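Engineer: Pasting a predicted model and its sequence here:
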Amino acid sequence: MTLPSVTAPDPAAAIEGVRRRNWIAIMSATPLMMFSYFTYAAAFVDAEGDRSGFQLELAAIGLAVVPFVFIALGFLSRNPAAPKRVLQAMGLLLVAGLSIGLLDPLLGASVGFCLGGALVLNRPQIPRLMFWRYGAVAFTAVYTVVLFVVALPAGVFTGAVLPLVMLGFADEYAAWSAAREPD
C-alpha cells in the first residue's frame, strides 16, 4: 500500500479561492449592510422628509444589525481570525461612524462599514493589499461626499452599496497588480 504524495498547494489557486470566497461574502453581507444603513438613515429623517428629528428606535435597529454584517463577512470569507476582527471592526465602525458622523451620519456609517470590512475580509497573500483596501475606503468616502453634495438620493444609495463592493474591487486590483510585477 502506497501513500498518496502530498504536494504543496498552488499559491495562485489558493489566492483565487480566497478572492472567490471574499466575493461570496461581499454579496451575502451587502443586503444586510443595506438594511442596517437604510434603517439608520431613516432615523435621521422624519415623516415629512425633514432632517431635523431623530428616531432612536430606528437607529438602534440599524446598529443592532451591524455585528451580523461583519460576522457574515468574516465567516463566509473564512478569515481565520474572524471573531477578533469582527470585534475590532465593530469598534472601528463606532469610532469612525461617530467622528465622521458629526459631519454627516450617513457618511460616517458608510466609511465605518468600509473600514470594518477592510479588517474583516480574509486577506489573500497579495503584497500591498491593505494599501489598496484603505485606498478603497478613501475613494468611497470622497465619492459619497461628492454625491451627497451633487445629488443626495444618489449619495444615500451609493453610501449603502459601495463600501463592500469597493473592497472587492481593491482586492481584484491588488491581485492584478501583483500578477503584473516581474519576479
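Structural biologist: Yes, it's here.
Engineer: Considering only helices and strands, which part of this protein has the lowest mean pLDDT?
Structural biologist: helix 11-42 (a mean of 89; mean pLDDT, DSSP states H and E).
Engineer: can I have the following helix or strand past that helix written out in CSV, keeping just the CAs?
Structural biologist: Using DSSP states H and E, the helix or strand that follows helix 11-42 towards the C-terminus is helix 56-76. Backbone C-alpha positions of helix 56-76 (Å, rounded to 0.1, in the frame of the first residue of the first chain) are rendered in CSV as follows:
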residue,chain,number,x,y,z
LEU,A,56,-33.8,56.4,18.4
GLU,A,57,-35.6,53.2,17.7
LEU,A,58,-34.6,53.1,14.0
ALA,A,59,-31.0,54.0,14.9
ALA,A,60,-31.0,51.1,17.4
ILE,A,61,-32.3,48.7,14.9
GLY,A,62,-29.7,49.8,12.3
LEU,A,63,-26.9,49.5,14.8
ALA,A,64,-28.1,46.1,16.0
VAL,A,65,-27.7,44.6,12.5
VAL,A,66,-24.1,45.8,12.2
PRO,A,67,-22.5,42.8,14.0
PHE,A,68,-24.3,40.4,11.6
VAL,A,69,-22.8,42.2,8.6
PHE,A,70,-19.3,41.8,9.9
ILE,A,71,-20.0,38.2,11.0
ALA,A,72,-21.2,37.3,7.6
LEU,A,73,-18.1,39.0,6.0
GLY,A,74,-15.7,37.3,8.3
PHE,A,75,-17.0,33.8,8.4
LEU,A,76,-18.1,33.5,4.8
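Engineer: so what does helix 56-76 touch, helix or strand wise?
Structural biologist: For helix 56-76, the elements it packs on are helix 11-42, helix 82-100, helix 105-120, judged by 3 or more CB pairs under 8 Å, 6 or more residues apart in numbering; DSSP states H and E. All C-beta spots, glycine's among them, are computed from the backbone N, C-alpha and C.
Engineer: Switch those helices over to JSON lines; also include distance to Gly155 and mean neighbour count.
Structural biologist: Output for the helices and strands packed on helix 56-76, formatted as JSON lines (distance: least, CB to CB, whole Å; neighbours: other CB atoms under 10 Å):
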{"stretch": "helix 11-42", "distance to Gly155": "11", "mean neighbour count": "18"}
{"stretch": "helix 82-100", "distance to Gly155": "14", "mean neighbour count": "18"}
{"stretch": "helix 105-120", "distance to Gly155": "8", "mean neighbour count": "27"}
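Engineer: Could you export the ones you listed as CSV, including distance to Ala178?
Structural biologist: As requested, the helices and strands packed on helix 56-76 are arranged in CSV below (distance: least, CB to CB, whole Å):
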stretch, distance to Ala178
helix 11-42, 9
helix 82-100, 22
helix 105-120, 17
